[in-house]
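**Q** Structure, please.
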Amino acid sequence: MKLDLTLKNKEYVSRLFRSVADQALADGHQFQFNWSESMIQQALDQYLFFADRSDSAMSAFICFQSIDQDFEILALGCDPLFRGQNRMKELLTAFLTSARAAGAAVFLEVHERNQVAVNLYKTVGFRQIHIRRAYYKDGANALVLKYSADETTLESI
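**A** Predicted structure coming up:
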């Protein structure tokens with residue numbers, strides 16, 4: 001897996017963002033990815049991306065920001081064409097390995113009914129630290145998760 005922290009093709013990343021969002025809607029999981037086109041464009045201009053660039057195409061991405069010495073994951077997704085190939089788990093594990101080497105904690109929020117994501121996050125070492133009640137438009141809670149280098153051992157892939 002070749003990893004890239006730079007964005008050379010914002011148009012491609014924008015299409016991947018939209019593809020992930022469209023697939024979530026098609027699967028009946030609109031809560032999984034509810035970013036508007038303007039939010040996507042703003043993210044491309046303001047935030048950092050950690051991406052899998054294997055096979056000369058980006059198959060998965062993590063959109064994040066740095067807060068002090070820690071990181072907050074704002075969005076992540078995998079191209080629907082690469083589903084079931086562990087690309088997201090591999091990318092997330094590589095990201096967390098980098099964070100651990102830097103001594104950084106990683107935070108994210110996830111819809112409480114997004115069990116696929118919750119299971120992935122727990123598998124790679126996140127733990128729940130808080131619940132934001134009625135956080136989402138559908139009234140559901142957001143689970144606030146944390147990965148901490150000093151508390152976690154990554155599972156082998």
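**Q** So which other helices or strands are in contact with the host helix or strand of Phe71?
**A** Counting by DSSP states H and E, the element that carries Phe71 is strand 70-78. Using 3 or more Cβ pairs under 8 Å, 6 or more residues apart in numbering; DSSP states H and E, the elements in contact with strand 70-78 are helix 10-26, strand 60-67, helix 87-101, strand 105-111. (Glycine included, C-beta is placed from N, CA and C.)
**Q** ranking the ones you listed by burial, who's on top?
**A** Counting by mean count of other Cβ atoms under 10 Å, strand 105-111 has the highest mean neighbour count of the helices and strands packed on strand 70-78, with a mean of 21.
**Q** quick one: the helix or strand just after that one to helix 87-101, angle?
**A** Next along the chain after strand 105-111, taking DSSP H and E as the criterion, comes helix 115-123. With axes from the mean of the first three to the mean of the last three Cα atoms, to 10 degrees applied, the angle from helix 115-123 to helix 87-101 works out at 40 degrees.
**Q** can you give me the mean pLDDT across helix 115-123?
**A** Across helix 115-123, the average pLDDT comes to 93.
**Q** after it comes which helix or strand?
**A** On the C-terminal side of helix 115-123, the closest following helix or strand by DSSP H and E is strand 127-132.
**Q** center of this structure - which residue?
**A** Computing the C-alpha centroid of the chain and ranking residues by Cα atoms, centre = their mean puts Leu76 first, at 2.6 Å.
**Q** so that one touches Asp52, yeah?
**A** No - the pair Leu76 / Asp52 is not scored as a contact, 10.9 Å apart, by Cβ atoms under 8 Å.
**Q** Now for these two: what residues contact both?
**A** Residues within reach of Leu76 and of Asp52 at once, by Cβ atoms under 8 Å, 6 or more residues apart in numbering, are Ala60, Phe61, Leu91.
**Q** so what's the second one bridging to?
**A** Note on Phe61: beta-bridge partners Ala51, Gly77, judged by DSSP bridges.
**Q** In this structure it contacts Leu16, no?
**A** Yes - between Phe61 and Leu16 there is a contact at 6.3 Å, judged by Cβ under 8 Å.
**Q** okay, and the common contacts of these two?
**A** Counting by Cβ under 8 Å, 6+ apart, the shared contacts of Phe61 and Leu16 are Gly77.
**Q** now the residue nearest to the centre of the chain, nearest residue through space, not along the chain?
**A** Ranked by Cβ to Cβ, 6 or more residues apart in numbering and with sequence neighbours excluded, the top spatial neighbour of Leu76 is Ile62, at 4.5 Å.
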